[in-house]
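> Sequence and predicted structure below; questions after.
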Amino acid sequence: MTAKDEVARDLKDSSPSEGLGFVSTGAGQETWLQERLDRVARLQSLPRDWDSYGAEPPNRVAVERSRHVLEILSASGLPSPQITPSAEEGICISFRNGRFYAHIECFNSGEIVAATSDGNGAHTLTEVSADETELIDKAKVIQAAKTIRAHLARDD
């Protein structure tokens, strides 16, 4: 069983009350995954001070952790995310639906955080991984995907 199949199974086994039902990964999901993985790889070649405020480009740690997170997210049925370098030094994987915004940020330090914002000042921040020595906990990434999906589905 591939990692993608395992994530799909984990999501299928999620109860609807957890906010993220199973969504089949079709060709569209695989297409956005490869495009986003390519984008992540290109970000590593940014020059130092790419933002004119002294930010370092995403390093190998941020790239590898972003790739892993994207592979998990692609099986979650989330729409194609935006991939941008982070002024906080790393890679930002973001989603938007109207005023609702969410992102998972993979920092050069290895730390991974997930955040949501409703555009009216309410926000959440969740640590997914503390540093590069900590393995990425697939369950935490899946939980972040569930939270993002539920957040983006809001209509209030």
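Sure thing, it's come through.
> average pLDDT for stretch 55-67?
The average pLDDT within stretch 55-67 is 96.
> Next, the buried residues of it.
Residues 55-59, 61-67 are the ones in stretch 55-67 that count as buried (16 or more other C-beta atoms under 10 Å). Yep, even glycine has a C-beta here, placed from its N, CA and C like the rest.
> Equivalent analysis for stretch 98-118, please.
100-118.
> gap between that stretch and the chain center?
Its chain's C-alpha centre and that of stretch 98-118 lie 7 Å apart, by C-alpha atoms, centre = their mean, to the nearest Å.
> ends of it, how far apart?
9 Å (C-alpha to C-alpha, to the nearest Å).
> Residue numbering should commence at 698 henceforth.
In the new count, where the first residue is 698, that last one comes out as stretch 795-815.
> Can you list phi and psi of Ile788 for me?
Recorded main-chain torsions at Ile788 are phi -130, psi 130, according to degrees, to the nearest 10.
> Tyr798 too?
Per degrees, to the nearest 10, the backbone of Tyr798 is at phi -130, psi 150.
> Show the low-confidence segments of this structure, by residue range.
698-727 (pLDDT under 70).
> Tell me how far the longest helix along it lies from the chain's centre.
What stands out as the longest helix in the chain, according to DSSP state H, is helix 724-740. Centroid separation for helix 724-740 versus its chain: 12 Å, with C-alpha atoms, centre = their mean.
> before we move on, what about stretch 845-853?
Distance, stretch centre to chain centre, for stretch 845-853: 16 Å (C-alpha atoms, centre = their mean).
> Not counting sequence-adjacent ones, nearest residue to Ala812?
Leu822 (4.9 Å; C-beta to C-beta, 6 or more residues apart in numbering).
> Next: Ala738.
Val760 (6.7 Å).
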